[in-house]
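*Asks:* return a 3D structure for these sequence lines:
(one chain, ligands or ions: 1)
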Amino acid sequence: MGKDHLEEAINIEGKALVEDLKKYGGEAINFPDSFRTVALNIIWQMVASTRYDLRSKEVETIYRLTNEFRETFSVLSLLPVFIPALDHLPKSVKNYLFGDDIFDRFVEEMKVIVNETVDKHLEDYNPDNPRDLIDEYIKDMRASEGDNNSLFRKGALNQIVNDLFGAGSDTVSHMLRWMAYLLARYPEYAKRMQQEIDAVVPRDRMVSLDDKPSLPLVEAFTVEALRYSSMVVYNVQRSAHRDATIKGYFIPKGTLVQVANYSIHHNPRYWDDPHKFYPERFLDESATKYTAPNIGFFAFGSGRRQCAGELLARMELFLFTAAIIQHFDVIPPKGVVLSQKDILNLGGVRTPADNKLIYRARN
Ligand code: HEM
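*Replies:* Numbering: from 1, shown residues only. Got it, this is the predicted structure:
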């Protein structure tokens, strides 16, 4: 899928999201499942040409599994990664302490879903009409048949599909929760962004990526949301491939190292008043131009293994957030005051607790 096709797909989901939120008629609701399904639809269309209706029951198994996994997974669950000896504890103890059984069940049930999707593609595969990433991979698998050194294998394909699903849908949907929460918590920014959008985009047209230069505050708001939320609290672990000394600390070869994204994003060395939600930090002095951070921003990691979906994620966050702002006032129910206390750390994912919010359609 090229950039234009992706934008088109995101806008179709954006419109569906707006329609879905309108159906609640201004009732106070928890973060809706459509936040998850729009994100899932984008990745699943690229990978498997599949799109779900935003109220489809078919996705419930996936959501139940991810919920169970997130609710059980805690910082404790990471201990065996850093202290491998803990892996030798009896299974029952590991289940109790680290939630290993829930994790295993999650992996097994996801394997079934992914396997079914890949098998169906293998059955329907037509070399003259590759539909998606799975078909493109099957093409390479077929081309390298008989080559024992080929890396194109069904097991690897299943793993790629599984990884893209995990990396590409849960992340964006948690950021959509953040966007709704921040819009409700900081209505003054919501109002200013509505004015910004209304000045350049008629209400009957969705915001497009071409509008970005005219919507600096919307872009600054989404990037500040990534920094402030530090939704991915710690980065993926790395293993030192040689002995190294960093700032006087000796790190022997093979040591597992994990960067704490949250700490970088809240370090006063890089950010003024780091605990303040302040989108203006990404605007120039005249407040008319977005300025990208050049140091201390780690939301998508760094280096060779930096997030492979960063461009897609930025497109989704900008367009989905703009769609919500353009069509709704997101407000807490009467008497509810949102605060820092509403934030949870669900196994390394910082996310707002299930807050009831009102999505009031704008006239
Ligand atoms: C707001 C959304 C997202 C955030 C905050 C995010 C963040 C991250 C982070 C922190 C990493 C680890 C990078 C590192 O190790 O240095 C990562 C890896 C990755 N992300 Fe994302 N991500 C997002 C969305 C996506 C999307 C939509 C995709 C879909 C294609 C995606 C695909 C991946 C993949 C494949 C990796 C592993 C890269 C590798 O190990 O080479 N991500 N992401």
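*Asks:* how much space separates the closest residue to R314 other than its chain neighbours from L183?
*Replies:* Nearest non-adjacent residue to R314, counting by Cβ to Cβ, 6 or more residues apart in numbering: T222, 7.6 Å away. C-betas here are computed from N, CA, C, even on glycine. Distance, T222 to L183, by Cβ to Cβ, to the nearest Å: 11 Å.
*Asks:* can you check V337 too?
*Replies:* Between V337 and L183 the computed distance is 15 Å (Cβ to Cβ).
*Asks:* and the strand or helix carrying the residue nearest to R314, what does it pack against?
*Replies:* Taking DSSP states H and E as the definition, T222 sits inside helix 216-229. If contacts are counted by 3 or more Cβ pairs under 8 Å, 6 or more residues apart in numbering; DSSP states H and E, helix 216-229 sits against helix 154-185, helix 187-200, helix 310-327.
*Asks:* now do the contacts for the closest residue to the ligand within the stretch 151-300 of the chain.
*Replies:* Of all residues in the stretch 151-300 of the chain, G168 sits closest to the ligand, at 3.0 Å by Cβ to the nearest ligand atom. Residues counted as contacts of G168 (Cβ atoms under 8 Å, 6 or more residues apart in numbering) are 39, 42-43, 309, 312-313.
*Asks:* residues contacting the residue nearest to R314?
*Replies:* 179, 314, 317-318, 321.
*Asks:* just the buried residues from these, in PyMOL please.
*Replies:* The PyMOL selection below is limited to those of the contacts of T222 classed as buried (16 or more other Cβ atoms under 10 Å):
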select buried, resi 179+314+317+318+321
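*Asks:* pull the most distant pair out of the contacts of T222.
*Replies:* Greatest spatial distance among those (Cβ to Cβ): M179 and R314, at 13.0 Å.
*Asks:* do you know how far the closest residue in space to I160 that isn't next to it in sequence is from E109?
*Replies:* Once flanking residues are discounted, I160 sits nearest to Y137: 7.1 Å by Cβ to Cβ, 6+ apart. Using Cβ to Cβ, we find Y137 at a distance of 23 Å from E109.
*Asks:* and what of W271?
*Replies:* Per Cβ to Cβ, W271 is found 40 Å from E109.
*Asks:* those two: which has the busier surroundings?
*Replies:* W271 (20 against 16; other Cβ atoms under 10 Å).
*Asks:* once you drop chain neighbours, what's closest to H241?
*Replies:* Closest to H241 by Cβ to Cβ, 6+ apart is K253, at 6.7 Å.
*Asks:* OK, contacts around that neighbour?
*Replies:* Per Cβ under 8 Å, 6+ apart, neighbours of K253: 240-243.
*Asks:* mind doing that once more with 10 Å?
*Replies:* Residues in contact with K253, defined by Cβ atoms under 10 Å, 6 or more residues apart in numbering, are 239-244.
*Asks:* ok, N158 next?
*Replies:* Counting by Cβ under 10 Å, 6+ apart, the residues that N158 touches are 110-111, 114-115, 117-119, 134.
*Asks:* those in strands, which ones?
*Replies:* Per DSSP state E, strands hold no members of the contacts of N158.
*Asks:* buried ones only from these, please, as a ChimeraX command.
*Replies:* Filtering the contacts of N158 down to the buried ones (16+ other Cβ under 10 Å) takes a single ChimeraX command:
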select :110,114,117,118,134
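*Asks:* does H241 touch G254 like I think?
*Replies:* Yes: between H241 and G254 a contact is recorded at 8.3 Å, counting by Cβ atoms under 10 Å.
*Asks:* I264 contacts V232, correct?
*Replies:* No: the pair I264 / V232 is not scored as a contact, 11.3 Å apart, by Cβ under 10 Å.
*Asks:* give me the common contacts of these two.
*Replies:* 298-299.
*Asks:* neighbour count: V337 and L183, which is higher?
*Replies:* Using other Cβ under 10 Å as the criterion, V337 and L183 rank with L183 on top: 25 against 8.
*Asks:* quick one: contacts for the more buried one?
*Replies:* Counting by Cβ under 10 Å, 6+ apart, L183 touches 189-191, 193-194, 221, 225, 321, 324-325, 328-331, 357, 359.
*Asks:* count of neighbours near G166?
*Replies:* 15.
*Asks:* ugh, wrong one, Y262
*Replies:* By other Cβ under 10 Å, the residues close to Y262 number 19.
*Asks:* rounded mean pLDDT for the host helix or strand of it, please.
*Replies:* For Y262, the element it lies in under DSSP H and E is helix 261-265. In this model, helix 261-265 has a mean pLDDT of 97.
*Asks:* buried residues in it?
*Replies:* Those would be 261-262, 264-265, for helix 261-265 by 16+ other Cβ under 10 Å.
*Asks:* state the pair within the residues you listed that is farthest apart.
*Replies:* By the measure Cβ to Cβ, Y262 and I264 form the most distant pair in the buried residues of helix 261-265, at 7.5 Å.
*Asks:* coming back round to it: per-residue pLDDT, the residue nearest to H241?
*Replies:* So K253 comes in at 96 (pLDDT).
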